[in-house]
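Asks: Here's a sequence, model it:
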Amino acid sequence: MKLIIRADDLGYSEAVNFGILKAVNGGVVTSVGMMPNMDSVQQGYELIKNYDIALGQHTNICVGKPLSDPKLIPSLVQENGEFCSSREIRARKEDTINVEECEIEIEAQLQRFIEITGKNPDYFEGHAVFSDNFFKALENVAKRYGLFFCNPGIDKQWEKDNGIFGLSFVKMDEKGLYDPKEYMQEQLDNIKNNPCSVVIFHPGYLDQYILTHSSATSMRPMECDFLCGDWIREWIKDNDIELVDFRNYKD
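Replies: Numbering: from 1, shown residues only. Take a look at the predicted model:
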């Protein structure tokens with residue numbers, strides 16, 4: 001049984017960066033997704049760059065400002081030039097994201113990723129926006145540059161082709177929390193039956209930027225604590241689970 005433990009949102013804010021650092025240094029995280037357009041991305045990379053993890057591009061088209069000219073990507077931005085929120089995008093009756101415009105921004109974020117890290121991302125995926133056009137644009141750019149596009153939990157054919165299966169999304173309570181131990185126990189049969197599974201967490205601490213711009217707040221420090229605790233290490237060992245990362249599969 002193989003399991004990829006992925007931590008998303010490096011660069012979202014300074015507090016999130018420090019939470020991810022803790023989860024990488026003291027936890028079981030094997031892959032980290034970095035948001036190239038965010039103001040705190042350089043700081044986040046400097047914190048985790050020396051760890052042996054897969055570092056991916058967590059492409060972001062719904063928080064903050066784009067790296068490309070907003071005039072070139074009108075389907076992605078508001079009048080002030082900032083991205084439309086994921087909540088606003090989800091509320092649309094039709095998928096109005098333009099594939100060609102999206103590719104412009106995705107490529108700009110890829111170039112920023114390379115500027116920061118000096119290399120291509122180990123994997124390539126998207127943040128928070130469940131849009132077929134967004135996924136198509138990501139896949140197109142990945143093919144153009146020979147990158148490992150990842151879409152577990154969304155694209156069943158991708159899962160079959162790559163042998164990596166996404167676990168079910170967590171169900172939050174009214175406080176935006178859940179029991180991670182219960183969740184992992186519920187997913188154990190899926191992990192046993194899949195050649196490789198990927199579980200996605202969002203560890204982090206909280207600062208004013210996150211409280212203002214993210215719907216995921218209280219769950220971040222809770223997940224950080226969980227990923228650094230004894231329970232998850234013992235659970236992995238007791239169930240004979242092998243931790244791997246996306247670098248094991250990208251070629």
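
Asks: just checking, what's the longest strand in the chain?
Replies: strand 2-10 (DSSP state E).

Asks: how near is residue 166 to residue 159?
Replies: 7 Å (C-beta to C-beta, to the nearest Å). Where C-beta positions appear, they are placed from N, C-alpha and C, glycine not excepted.

Asks: anything in contact with each of those two?
Replies: 152, 153 (C-beta atoms under 8 Å, 6 or more residues apart in numbering).

Asks: Which residues in the lowest-mean-pLDDT helix or strand in the chain does the neighbour count mark as buried?
Replies: Using mean pLDDT, DSSP states H and E, the weakest-scoring helix or strand in the chain turns out to be helix 86-90, at a mean of 89. By neighbour count on 16 or more other C-beta atoms under 10 Å, the buried set for helix 86-90 is 86, 89.

Asks: go on, stretch 161-169?
Replies: 162, 164, 165, 166, 167.

Asks: Do a quick rundown of the helices in this structure.
Replies: Per DSSP state H, the chain carries helices over the ranges 14-26, 41-48, 86-90, 99-117, 132-145, 156-162, 180-186, 188-193, 208-213, 219-227, 230-238.

Asks: For the fifth one, name the packing helices and strands.
Replies: The reference is to helix 132-145. helix 99-117, strand 124-126 (3 or more C-beta pairs under 8 Å, 6 or more residues apart in numbering; DSSP states H and E).

Asks: Mind doing that once more with 10 Å?
Replies: Packing partners of helix 132-145 (3 or more C-beta pairs under 10 Å, 6 or more residues apart in numbering; DSSP states H and E): strand 54-59, helix 99-117, strand 124-126.

Asks: Specify the angle between the second one and strand 54-59 in degrees.
Replies: Spelled out, that is helix 99-117. 140 degrees (axes from the mean of the first three to the mean of the last three C-alpha atoms, to 10 degrees).

Asks: what pLDDT, on average, does helix 99-117 get?
Replies: In this model, helix 99-117 carries a mean pLDDT of 98.

Asks: repeat for stretch 49-66
Replies: Mean predicted lDDT for stretch 49-66 stands at 98.

Asks: Please apply the same query to stretch 191-204.
Replies: 97.

Asks: List the buried residues of it.
Replies: Applying 16+ other C-beta under 10 Å to stretch 191-204 flags 191, 194, 196, 197, 198, 199, 200, 201, 202, 203, 204 as buried.

Asks: how far does that stretch stretch from start to finish?
Replies: Taking C-alpha to C-alpha, to the nearest Å, the first and last residues of stretch 191-204 lie 25 Å apart.

Asks: likewise stretch 145-162?
Replies: 18 Å.

Asks: For residue 241, give me its contacts.
Replies: By C-beta atoms under 10 Å, 6 or more residues apart in numbering, residue 241 lies in contact with 1, 2, 3, 5, 28, 188, 191, 192, 197, 235.

Asks: quick check, nearest of these to residue 180?
Replies: Using C-beta to C-beta, residue 235 is the member of those that sits closest to residue 180, with 10.4 Å.

Asks: what's the closest non-adjacent residue to that closest one?
Replies: Excluding the flanking residues, the one nearest residue 235 by C-beta to C-beta, 6 or more residues apart in numbering is residue 184, at 6.4 Å.
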